[in-house]
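Q: Coordinates for the following, if possible.
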Amino acid sequence: MIDMIYSDEVAEARAKGAPIVALESTIITHGMPYPQNVETARRVEETVRQGGATPATIAVIAGALHVGLNGSQLDALGQAKDVMKLSRADMAACLASGRTGATTVAATMIAARLAGIEVFATGGIGGVHRGAETSFDISADLHELAQTPVTVIAAGAKAILDLPKTLEVLETLGVPVVGYRTRELPGFFSMNTGLALTASLDTPDQIAAAWLAHRAVGGRSAMLVVQPPPAASALPAELVNDATDAALAAASAAGVRGAAVTPFLLADIQRRTAGQSVVANLALLESNAALAGRIAVALAAARVESAPT
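A: From the prediction side, this is the model:
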């Protein structure tokens, strides 16, 4: 058994059977500088609360898996140095060595499943990187989505990825991809990609019902719910594609490889869009958290209604 520690807020919600939304922690440690990182994390948590659910930001701190962080822990994590970035392959070593690590999509899904949390909000999932046919660079998020049953709310896959190939892999792995009030895959920073989805639902109640049906027919995968970024902050797809192509060329010229590629690309895109990508990222994080809160509430209500009397 691993050492799991629940915050007081999350422990109370669990005891009451109240809705909970899992949140990742890499945005705190690897996404932006202090104090903007902690301020963003707090805004996202508050957005979940406003939707009627309890936020559970997940991280490994000194070898213990924390489900929900209090204010002082958020501040400490936001200023911590040498924090591991955890995917499935990294969690065991981090826990066993007593280190501190921030959870990616994959690691957050694992922790959420262990904690009995069925809804998780993130910005965007990882996927198939451009040029993967030669680099074989494919995010572990895709395999986690295929094997860990959690409802994941995102603005699609990160814009730096090969989106058609990412969608194709999700289909091959049997992961339901459901558009929330959209019939095409969002482009993370942009609202449209032209990639059609086979399923689209319009309310949190419908999404909750779809999740329960997925589990009832033996679905063992996640369900990926995608919604476009808010229109007011979304970027034109052409601008995003041009900035991404230029950033990829710059990364190749600089010899950037492996785990360093994504942060390099995002920073370069931020510069090329004059900071507009950051504004869009912050807006979609809050928008996804709001939807996740409503879905968690709907799911809790649906379970109460279906419970035997």
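Q: Can you spell out which helices and strands pack onto the longest strand seen in the chain?
A: Counting by DSSP state E, the longest strand found in the chain is strand 54-61. If you count contacts as 3 or more CB pairs under 8 Å, 6 or more residues apart in numbering; DSSP states H and E, strand 54-61 packs onto helix 8-16, strand 20-23, helix 36-50, strand 64-67, helix 71-79, helix 88-97, strand 101-103, helix 105-115. Backbone N, C-alpha and C define where each C-beta goes, glycine included.
Q: As a check, name the ranges of all helices in the stretch 151-300 of the chain.
A: 163-172, 204-216, 237-254, 261-272, 276-306 (DSSP state H, counting those that start in this stretch).
Q: Nearest residue to the middle of the chain?
A: The centre of the chain sits closest to residue 122, judged by CA atoms, centre = their mean, with a distance of 2.5 Å.
Q: I figured that one hits residue 106, correct?
A: No: with contact defined as CB atoms under 8 Å, residue 122 does not reach residue 106; the gap is 10.5 Å.
Q: Next, the contact list for the residue nearest to residue 205 when sequence neighbours are not counted, please.
A: Sequence neighbours aside, residue 298 is the residue nearest to residue 205 in space, at 4.8 Å (criterion: CB to CB, 6 or more residues apart in numbering). Counting by CB atoms under 8 Å, 6 or more residues apart in numbering, residue 298 makes contact with 203-205, 207-208.
Q: Tell me the bridge partners for the closest residue to residue 60 other than its chain neighbours.
A: Distance criterion CB to CB, 6+ apart; nearest residue to residue 60, sequence neighbours excluded, is residue 101 at 4.3 Å. Counting by DSSP bridges, residue 101 forms beta bridges with residue 60, residue 84.
Q: List the contacts of residue 101.
A: Neighbouring residues of residue 101 by CB under 8 Å, 6+ apart: 59-60, 83-86, 90-91, 94, 107.
Q: tell me which of these is nearest to residue 28?
A: residue 59 (7.7 Å; CB to CB).
Q: circling back: and the helices and strands packed on strand 54-61: which comes nearest residue 271?
A: For residue 271, the closest of the helices and strands packed on strand 54-61 is helix 36-50, at 16.6 Å, according to CB to CB.
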